[in-house]
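K.L.:
Could you look at this predicted model? Sequence included:
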Amino acid sequence: MTQTDTTFFDRMAVLSDPTRGRILLLLEEQELSVSELCAVLQQPQSTVSRHLKVLSDGGWLASWREGTSRLYHLRQELEPAAGELWNVARGRLADLKAARQDRGRLESVLRARRVRSQEFFAEKAGDWDRLRGELFGERSELVPLLALLDPDWVVGDLGCGTGTTTEALAPFVAKVVAVDESPEMLEAAHHRLVTQEGEGRVELRRGSLEALPAEDGELDAALLMLVLHHLSDPAAVLAEASRVLAPGGRLLVVDMLAHDESRFRRDMGHQWLGFEPPRLLDWLAGAGLESARVVALTPDPSAQGPNLFAARAVAPRGAHRADTAGRAAAAVQTSEVS
């Protein structure tokens, strides 16, 4: 008898016990702990543990520790002989009366899980935001939303500063082109982003936002994060951002709503005390961008600065791109400082 034949009959021996077959049916559907399997199978822990050891040693199960429990699940990729046998045996085992009863008890076990979860949230609802922040960090729900971006995109972080936004974007897109005029800011960004630069996910470029170091249509999306108020001619910057966007590309502007905190101009060199949404929408239209929208952001109670907005707009496709330069030039000529 060959080694292959021996392996095949070993697999058959494992499935010869109906209880082990019932366990595999359950663990194909749901990962379960030993105590949960005992409840479903209505068998003592010693018996269930013995069967689990046979199945684990035979390569049928994957397991991992979760707290004080160990969870088990049928392996996603079984060895060929095991997979062949399991495809044949599954249907027969599912017809067993005991297996049908197992399914009903499994639902009870899963229902008990849901009840425990519901009880937790009923008790902790008023304190959940604080608890989640302690466990996962403040606003931990926001950065994972970047996974909604197309992973093939090239994104421009225009006015990247020290690279905080670039660092957040880089794992989720093909490349981030990070642009800033300040050599000191780019040096700080380089130290922050050296790993992503080495992987080709980030390209740092020095240049003016009014004359971006980027080709026409190079970017699938571009960001101006708290940058516009530092610039003397926002309309010209938006026109440049429009130029480097591919047809259908997206522009996101985050900045301050109009305010009267003159100390920002005096202490931090702000050239604009925020922006009124109608003016910003006019500039975006003048830059040849479409579907513009401005949304006021909910203030953070701990924030000490003015309220923020997020504005998005889309570069037109096809023939509409042809007259973008003319409209952008007009926008530049009519720009004024607040």
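P.N.:
Yep, it's here. Since the structure is predicted, the reported quantities are computational estimates derived from the model, not experimental observations.
K.L.:
helices or strands up against the lengthiest strand in the chain?
P.N.:
Assignment by DSSP state E gives strand 245-256 as the longest strand of the chain. Where contact means 3 or more Cβ pairs under 8 Å, 6 or more residues apart in numbering; DSSP states H and E, strand 245-256 is packed against strand 219-225, helix 234-244, strand 308-314. For glycine as for every other residue, the C-beta is placed from the backbone atoms N, C-alpha and C.
K.L.:
Buried ones in it, by neighbour count?
P.N.:
For strand 245-256, a neighbour-count test (16 or more other Cβ atoms under 10 Å) marks Leu245, Ala246, Gly249, Arg250, Leu251, Val253, Val254, Asp255, Met256 as buried.
K.L.:
strand partners of that strand, parallel vs antiparallel please.
P.N.:
Using DSSP bridges, the strands paired with strand 245-256 are strand 219-225 (parallel), strand 308-314 (antiparallel).
K.L.:
most tightly surrounded among those strands?
P.N.:
strand 219-225 (a mean of 23; mean count of other Cβ atoms under 10 Å).
K.L.:
And that one, how far out from the chain middle?
P.N.:
Distance, stretch centre to chain centre, for strand 219-225: 18 Å (Cα atoms, centre = their mean, to the nearest Å).
K.L.:
Would you format the strands paired with strand 245-256 as JSON lines with mean pLDDT included?
P.N.:
Below are the strands paired with strand 245-256 laid out as JSON lines (pLDDT from 0 to 100):
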{"stretch": "strand 219-225", "mean pLDDT": "97"}
{"stretch": "strand 308-314", "mean pLDDT": "96"}
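K.L.:
Now distance to His190 too, for those, in a markdown table please.
P.N.:
Output for those, formatted as a markdown table (distance: least, Cβ to Cβ, whole Å):
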| stretch | distance to His190 |
| --- | --- |
| strand 219-225 | 18 |
| strand 308-314 | 27 |
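K.L.:
got the helices and strands packed on strand 245-256 as JSON lines, with distance to Ala98 columns?
P.N.:
Listed next are the helices and strands packed on strand 245-256 as JSON lines, based on distance: least, Cβ to Cβ, whole Å:
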{"stretch": "strand 219-225", "distance to Ala98": "56"}
{"stretch": "helix 234-244", "distance to Ala98": "66"}
{"stretch": "strand 308-314", "distance to Ala98": "58"}
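K.L.:
Relative to Arg100, which of these is closest?
P.N.:
strand 219-225 (52.9 Å; Cβ to Cβ).
K.L.:
Check what contacts that closest one and list those residues.
P.N.:
With contact meaning Cβ atoms under 8 Å, 6 or more residues apart in numbering, strand 219-225 is reached by 149-150, 152-159, 165, 169, 177, 209, 237, 241, 244-246, 249-255.
K.L.:
What is the least confident helix or strand in the protein?
P.N.:
Within the chain, no helix or strand scores below helix 324-333, which has a mean of 39 by mean pLDDT, DSSP states H and E.
K.L.:
measure stretch 70-90 end to end?
P.N.:
25 Å (Cα to Cα, to the nearest Å).
K.L.:
So which bits of that stretch are buried?
P.N.:
Residues of stretch 70-90 classed as buried by neighbour count (16+ other Cβ under 10 Å): Leu71, Tyr72, His73, Leu74, Arg75, Leu78, Ala81, Ala82, Leu85, Trp86, Ala89.
K.L.:
now it: mean pLDDT?
P.N.:
Mean pLDDT, stretch 70-90: 86.
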